[in-house]
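Participant: Take this sequence and fold it.
(one chain, ligands or ions: 1)
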Amino acid sequence: MKPGMKIVDVGCGTGDFTRYLANLIPGKCEIIGVDIRATNISTAQKQTKKEGLSGKITFRKGDAYDIPVEDRWADLVCCRTLLMHLTEPLKAVKDMSRVARKGGTVAAFERGRFESFYFYVPNDKRITKLGIKLGGLYVDGVRKLEGKYFDIGNRLPTIFHEAGLREIMAEVQADTYLTSDPRRKLEDVKDELGFNLETFKETKKLDAKAMASGGASRKQIEEYNRWYERWTKSLLDDHQKLRNDTVFSTGGMVLVAGRKQE
Ligand SMILES: C[S@@+](CC[C@H](N)C(=O)[O-])C[C@H]1O[C@@H](n2cnc3c(N)ncnc32)[C@H](O)[C@@H]1O
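Facilitator: Reported below is the predicted structural model:
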């Protein structure tokens, strides 16, 4: 990231990532955030003004398949958790490439699939296996129901290559979740667990539909959900337990970058 850079952030949402990029660059730069939802754009504009970044960032409403930016304008065209929500990610990456200048970079930061290391429950082989399995079946189900690849990260080097990009680089970044990690404040861990529990309750039905489409049985889903709800509540009710719990999980993301050919 260098002063003077021209950047496009596609599927920018309310602009968190766009502002993060702007803050990485000391001095001037031109960043355009693009999102298909007008409400996201207006929230992004307000927040960007509040943070004093309007001189660096502008926003446009537009589609990732037809990005409202001229050909070869940008040094960097990027997205964070956009391609996993699209049914035609290759089409979007091709348009991102169109907007990049020759020798410029196209980059994406998206969810990946790392089943074997993402979950471990001590002394409970069954729930460990079930959690890992259901995670995969959920991703398969979303693909069947909505045509989206929630594990698109693993495919990105291939998609980038198909889009004509070269010098492709990939990195994995994994967040780990361990409630007893002393580096994390008790209040933060509790907030996160509370938020996760609320989200779980809200999305339980839809998630079950996706898992069932992926091939999970009702019994498997119910068994895992029962465990998850009981586990989360038990930690929220008992700080001692929370600070001694060793259930471990990770959320893996893939960062892929490729260069537009001269
Ligand atoms: C999970 S959010 C990510 C937002 C932002 N990149 C971030 O990391 O905070 C996905 C965003 O993609 C946008 N989106 C979905 N389909 C799109 C499309 N076809 N063109 C442009 N944006 C799209 C959604 O409106 C949403 O804001």
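Participant: From now on I want contacts and neighbour counts done on CA atoms only, so please keep to that.
Facilitator: Noted.
Participant: Low-confidence regions, the protein specifically.
Facilitator: Within the chain, the ranges that satisfy pLDDT under 70 run 115-117.
Participant: So it: which segments form each domain?
Facilitator: 6-112+147-173+252-259, 115-145+179-245 (automatic domain parsing).
Participant: Return the most buried member of those domains.
Facilitator: Across the domains of the chain, averaging neighbours per residue (mean count of other CA atoms under 10 Å) puts domain 6-112+147-173+252-259 on top, at a mean of 20.
Participant: right, quick check: that one against the ligand, any contact?
Facilitator: Yes - contact of domain 6-112+147-173+252-259 with the ligand (CA under 6 Å from any ligand atom) involves 11-13, 16-17, 35-37, 62-64, 79-82.
Participant: Those in helices, which ones?
Facilitator: Here DSSP state H is the test, and these give 16-17 as lying in helices.
Participant: Pretty sure residue 52 sits in a strand.
Facilitator: No - using DSSP: H, G, I helix; E, B strand; the rest coil, the secondary structure at residue 52 is coil, not a strand.
Participant: the strands in the stretch 101-250 of the chain, which residues?
Facilitator: Assigned strands in the stretch 101-250 of the chain, in chain order: 119-120, 166-177, 248-259 (criterion: DSSP state E, counting those that start in this stretch).
Participant: between the second one and strand 248-259, how many degrees?
Facilitator: Relative orientation of strand 166-177 and strand 248-259, computed by axes from the mean of the first three to the mean of the last three CA atoms, to 10 degrees: 160 degrees.
Participant: What lies in contact with strand 166-177?
Facilitator: 157, 160-161, 248-261 (CA atoms under 8 Å, 6 or more residues apart in numbering).
Participant: Return the residues in contact with the nearest residue to residue 148 once chain neighbours are set aside.
Facilitator: Closest residue to residue 148 apart from its sequence neighbours, by CA to CA, 6 or more residues apart in numbering: residue 87 at 5.0 Å. Listed by CA under 8 Å, 6+ apart, the contact partners of residue 87 are 146-149.
Participant: Quick check, residue 92 in contact with residue 77.
Facilitator: No - look at residue 92 against residue 77 with CA atoms under 8 Å: they stay out of range, at 11.2 Å.
Participant: Can you tell me the closest non-neighbouring residue to the residue positioned nearest the centre of the chain?
Facilitator: A centroid search over the chain (CA atoms, centre = their mean) returns residue 81, at 3.8 Å, as the residue closest to the centre. Of all residues not flanking residue 81 in the chain, residue 110 sits nearest, at 4.8 Å (CA to CA, 6+ apart).
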